[in-house]
Structures are given as C-alpha cells and as structure tokens.
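Participant: Quick one, what's the 3D model for this:
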Amino acid sequence: MMARRVLFLRWGIVAFSLLLYGRILGNRVSSAQIEQAQNTRAYCPASDAHRLLLGLARDVDDVPGLWDLPALSTLIIVTGLEASGTKEVARIVAHRALACDYGVWSGLGSCIDKARGNAVLHRSLPHGAAYPDIDGIINKALARRFFVGVVVCSRDKTIALRSSLRAGHGVVPTIAALHQQRGVEMIRNVMRLYMRPEVHDASVQVCVFSYETYVLIGEVYVRRVFRSFLPHRQQAGSSDESVVPVPYDANAKYVRV
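Facilitator: Down below sits the predicted model:
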C-alpha cells in the first residue's frame with residue numbers, strides 16, 4: 001500500500017513538472033512574439049500571417065450572433081489589461097446598454113440583444129492565450145454601419161500584474177510583464193486612432209474607466225463616465241443604484257499600510 005502511494009506521488013510530481021514546463025515554454029515563445037511586435041509600428045495588421053506573428057486572436061468573425069445585427073446597431077467593446085476590472089465593467093455596461101441585466105451575464109465573451117440591436121463584447125488584453133484584434137473588430141463593425149463604443153478599463157499597473165499572476169494567468173513575472181506591456185501598446189493604439197480631435201464626431205467613441213476612481217466614488221462615477229456614452233436603462237420605480245452593487249476594493253490586499 002505504501003509503495004503504491006509513493007508511486008502515485010512520483011507520477012503526480014512528474015505530471016506537475018511537465019505542466020509547469022509547458023507553461024513556461026509557452027510564455028517564452030509568447031515573449032519572443034511580444035518583443036518582435038513591440039518593434040513594429042502596425043499593431044493591428046490585416047494579414048493572417050502578421051496576426052499570427054503578433055499573437056492576435058482571429059476572433060473578428062468568431063462572435064456568434066454579432067454580425068447578424070442590423071445596421072445602426074450599437075456595439076460596446078470593453079477592453080483593458082488582464083485583471084483590470086474588465087469583466088465587472090462589462091457587466092455594468094451591458095446592463096446600461098440594455099443588452100443583459102446585471103447578474104445574468106458573467107461578463108465573459110459577449111452579450112447580444114437582437115431585439116434592441118445592442119451588443120457588449122468583453123476582450124481583455126491578452127484574451128486567453130492571444131490578443132484580440134480590437135481594430136479589426138472595430139473596422140468590421142463600422143463597415144456594417146454600427147455605432148461603436150470602446151471602454152478602456154484602467155487599474156494600477158503593478159496591482160493588475162500581481163492580480164493576474166495570482167489568478168494563474170502567468171508563471172514567470174518578467175514574461176507576464178511583457179504581456180502586459182503588449183496590452184498597453186494596443187490600448188495606446190486604439191486611443192491614438194479614435195480619440196483624436198479630427199475623429200471626435202465619428203462613429204467610434206472611446207472612454208477610459210478607472211477602477212480606483214470607481215471604488216472611491218461608486219455609482220456617481222459610473223453615471224458620469226457613461227452619461228453621454230451609453231443608452232441608460234429606464235425602469236419605473238427603480239434606479240441603477242439598486243442594481244449595481246457597491247464596488248469592492250480588490251486593491252486592498254495588495255497594498256501595505
């Protein structure tokens with residue numbers, strides 16, 4: 001009996017070691033792609049070869065139901081670094097955009113309301129094992145005459161990195177930091193393209209949602225950020241304050257007083 005337990009323990013250690021080695025190797029390959037991508041100027045190339053090189057997910061067409069919406073529909077893309085509050089913000093946005101009631105949708109993937117012509121798409125940077133082609137999604141939506149809103153979620157950079165590592169999104173901190181920097185560059189690219197004065201009245205609007213400010217001020221901040229950005233829900237006898245909970249300060253455990 002003891003020999004069998006020792007054998008199982010050995011095999012368990014071997015399996016864990018192989019899994020850890022595979023993740024480290026994958027991160028090393030990704031880091032090489034990130035470094036090469038950071039030396040290029042085009043962060044959202046059109047060719048599949050360049051998308052593969054930069055680690056961009058081919059998810060422009062991989063959003064079931066989104067491209068079936070009619071022209072003049074509203075697409076809200078919620079993006080930001082991993083562990084920057086994107087999932088929670090996506091849930092709030094979906095509720096306010098009349099796509100999904102708060103608490104019904106998990107905030108992952110997409111929430112589409114065909115009846116009202118509204119959709120909310122959650123894409124963190126990176127998103128799973130690769131980086132979503134945010135610019136490609138925007139361009140296709142504009143070609144279909146959608147109104148496009150992009151919510152960029154912001155959180156303290158160091159805390160976001162530590163939270164991402166704690167959640168198991170990376171093994172080696174240095175490589176995880178490279179992934180994070182790649183995400184920062186993609187955010188900068190979106191803001192450079194769509195927050196310029198000359199495109200202020202175009203069909204793409206971009207706003208920045210600060211996690212720290214949300215925790216500090218709460219619902220008042222949410223109303224302020226999305227006042228002219230989203231169609232707000234009107235419910236008789238209720239308000240958004242009764243639906244969206246008081247924000248939880250997830251930064252506290254990473255700060256030493």
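Participant: The residue lying closest to residue 136 once chain neighbours are set aside: neighbour count?
Facilitator: Of all residues not flanking residue 136 in the chain, residue 60 sits nearest, at 4.3 Å (Cβ to Cβ, 6 or more residues apart in numbering). Any C-beta I mention is one placed from the backbone N, CA and C, and that applies to glycine too. As a burial measure, residue 60 scores 20 neighbours (other Cβ atoms under 10 Å).
Participant: Look up phi and psi at residue 60.
Facilitator: Here is the backbone geometry of residue 60 (degrees, to the nearest 10): phi -60, psi -40.
Participant: List the residues that contact it.
Facilitator: 133, 136, 137, 140 (Cβ atoms under 8 Å, 6 or more residues apart in numbering).
Participant: Correct me if wrong: the first one contacts residue 59.
Facilitator: This points to residue 133. Yes. Assessed by Cβ atoms under 8 Å, residue 133 is found in contact with residue 59 at 6.6 Å.
Participant: So which of those two has more stuff around it?
Facilitator: residue 133 (24 against 18).
Participant: quick one: the helices in the stretch 151-257 of the chain?
Facilitator: 157-166, 173-194, 211-217, 219-225 (DSSP state H, counting those that start in this stretch).
Participant: I'd like to know which elements the first one is packed against.
Facilitator: With contacts defined as 3 or more Cβ pairs under 8 Å, 6 or more residues apart in numbering; DSSP states H and E, the secondary structure elements packing on helix 157-166 are strand 74-81, helix 173-194.
Participant: which residues are contacting that helix?
Facilitator: Here helix 157-166 has contacts from 81-84, 170, 173, 176-177, 180, 184, 250-251, 254-255, using Cβ under 8 Å, 6+ apart.
Participant: do that again at 10 Å, thanks
Facilitator: Residues outside helix 157-166 that contact it (Cβ atoms under 10 Å, 6 or more residues apart in numbering): 80-85, 124, 126, 153-156, 169-173, 176-177, 179-181, 183-184, 211-212, 250-255.
Participant: out of the helices of the stretch 151-257 of the chain, which comes closest to residue 108?
Facilitator: helix 157-166 (15.7 Å; Cβ to Cβ).
Participant: and that closest one, how far from the chain's centre?
Facilitator: Averaging C-alpha positions (Cα atoms, centre = their mean, to the nearest Å) puts helix 157-166 14 Å from its chain's average.
Participant: cool, stretch 93-111 as well?
Facilitator: Per Cα atoms, centre = their mean, the centroid offset for stretch 93-111 relative to its chain is 14 Å.
Participant: From one end of it to the other, what's the distance?
Facilitator: This stretch, stretch 93-111, spans 10 Å end to end (Cα to Cα, to the nearest Å).
Participant: try stretch 166-175
Facilitator: 14 Å.
Participant: Sort out which residues of that stretch are buried, please.
Facilitator: 169, 170, 175 (16 or more other Cβ atoms under 10 Å).
Participant: next one: stretch 153-163
Facilitator: Per 16+ other Cβ under 10 Å, stretch 153-163 contains these buried residues: 153, 154, 155, 156, 159, 160, 161, 162, 163.
Participant: Please apply the same query to stretch 114-129.
Facilitator: 117, 118, 119, 120, 121, 122, 123, 124, 125, 126, 127.
Participant: what's the closest of the residues you listed to residue 204?
Facilitator: So of these, ranked by how close each gets to residue 204 (Cβ to Cβ), first place is residue 121, at 13.7 Å.
Participant: distance between stretch 181-196 and the chain's centre?
Facilitator: With Cα atoms, centre = their mean, you get 13 Å for stretch 181-196.
Participant: Then stretch 141-157?
Facilitator: 10 Å.
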